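Undergrad: Sequence below, structure please.
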Amino acid sequence: MNLRVLCKWNLVAGIILIGAIKLFIRPYAEAHTIYNFFLGIAPNLVGAYLLLFASHLFFPLHFIFSSERWLRTATFYFFVLLSINECLQRIPVFGRTFDYYDIVASAVGLFLSYSFFLKWLTGKVAKTA
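TA: Residues are numbered from 1 along each chain as shown. Now for the predicted structure:
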C-alpha cells in the first residue's frame, strides 16, 4: 500500500474515533470508572499518533521522512509543541484543564507513530507500489 494512502486512511479513522469518543462515548460514560480515565486521555493519544501521518499527508516535504534523523527531529518538535499546548491549559482564560496524563498519552501516541515510520524507513513494513 502507498504510504500517502495509508496516511489518509489512518487520519480519517483517527478523526472519526476522536469525534466518537468526545461526542458519543464520553458524555454517556458512567462516573468514577477506569474507563473515564482512558476516555479522557484517548483523544490526546490518538491525536498525537496522527500528527506524523497528517504532516506526511498534508505537507509534501518528503525529506522529513527520508532519514531517521529528520523523523526523530520532527517527532521531538511535535512533542515540544504538544507539551506547550498542554501547559498553556494552566492559564484559566482558555477554559481547559491541565493534566500530566495528557502529556504522557501524547508521548505514547507520538512514540507509536514514530515507531511505524521508522519501520517504514528501514523497510520492515511491506512497501508495495
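Undergrad: Go ahead and flag the most central residue of the protein.
TA: Nearest residue to the geometric centre of the chain (Cα atoms, centre = their mean): Ala48, 1.7 Å.
Undergrad: for the biggest helix by length in the chain, what is the average pLDDT?
TA: Across the chain, the longest stretch assigned as helix under DSSP state H is helix 34-58. Here helix 34-58 scores 92 as its mean pLDDT.
Undergrad: Which neighbouring elements make contact with that helix?
TA: helix 3-20, helix 68-88, helix 100-122 (3 or more Cβ pairs under 8 Å, 6 or more residues apart in numbering; DSSP states H and E). From N, CA and C alone the C-beta is placed, and that goes for glycine too.
Undergrad: So for Arg90, what pLDDT did the model give?
TA: The confidence metric pLDDT takes the value 89 at Arg90.
Undergrad: To Ser55, which of the helices and strands packed on helix 34-58 lies closest?
TA: Go through these one by one with Cβ to Cβ and the one that ends up closest to Ser55 is helix 68-88, at 6.8 Å.
Undergrad: which residues are contacting the closest one?
TA: 44, 48, 51-52, 55, 63-65, 94, 98-99, 102-103, 106-107, 110, 113-114, 117-118, 121 (Cβ atoms under 8 Å, 6 or more residues apart in numbering).
Undergrad: Relative to Ser115, how far out is the nearest residue to Tyr101 once chain neighbours are set aside?
TA: Nearest non-adjacent residue to Tyr101, counting by Cβ to Cβ, 6 or more residues apart in numbering: Ile41, 5.3 Å away. Ile41 sits at a distance of 19 Å from Ser115 (criterion: Cβ to Cβ, to the nearest Å).
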